[in-house]
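K.L.:
here you go, sequence then predicted model.
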Amino acid sequence: MIKLMLGSMGDGELGISAYDTAWVALIKNIDGSDINAPQFPSCLKWIADNQLPHGSWGDDKVFLAHDRLINTLACIVALKSWDAHLD
C-alpha cells in the first residue's frame with residue numbers, strides 16, 4: 001500500500017523562491033575580477049522583475065503574512081546590499 005502511494009506521487013515540483021534567490025544574490029564575486037560585485041547578478045534582476053504590484057515579494061496567489069514578510073525583507077536586504085534597483 002505504501003509503495004503504491006509513494007510510487008504515484010512523482011518527483012514533485014519546486015518553484016523559485018524569492019527568499020532563496022535573495023540569499024544567493026548576497027554572494028560576493030569570487031572570480032577575482034570585482035570583489036565588490038555579486039557573483040550572481042541575475043538574482044538581483046530576478047528580484048527586481050518579480051516584485052509584486054503592491055511592492056512586496058512572495059506567493060502571488062496565496063497571501064500568508066509571514067511568507068510575504070520574510071520574502072520581502074530578504075529581497076530588500078539583497079537589493080540594498082548591492083545598491084541595486086533602488087527605484
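P.N.:
The structure has been received and is ready for your questions.

K.L.:
what about the longest helix in the chain?
P.N.:
With DSSP state H setting the assignment, residue counts place helix 65-81 as the longest helix in the chain.

K.L.:
so for residue 9, what's the pLDDT?
P.N.:
Note on residue 9: pLDDT of 68.

K.L.:
got it, and residue 87?
P.N.:
pLDDT for residue 87: 67.

K.L.:
what helices and strands are in contact with the longest helix of the chain?
P.N.:
Packed against helix 65-81 by the contact rule (3 or more Cβ pairs under 8 Å, 6 or more residues apart in numbering; DSSP states H and E) you find helix 18-25, helix 41-49. Just so you know, the C-beta spots here come from the backbone N, C-alpha and C atoms, and that holds for glycine as well.

K.L.:
switch to 6 Å and redo it
P.N.:
Under the contact criterion of 3 or more Cβ pairs under 6 Å, 6 or more residues apart in numbering; DSSP states H and E, helix 65-81 touches helix 18-25.

K.L.:
same for the helix it packs on, what does it pack against?
P.N.:
So helix 18-25, by 3+ Cβ pairs under 6 Å, 6+ apart, packs with helix 41-49, helix 65-81.

K.L.:
how close does residue 32 get to residue 2?
P.N.:
The gap separating residue 32 from residue 2 is 51 Å, by Cβ to Cβ, to the nearest Å.

K.L.:
and for residue 19?
P.N.:
Relative to residue 2, residue 19 is positioned 32 Å away (Cβ to Cβ).
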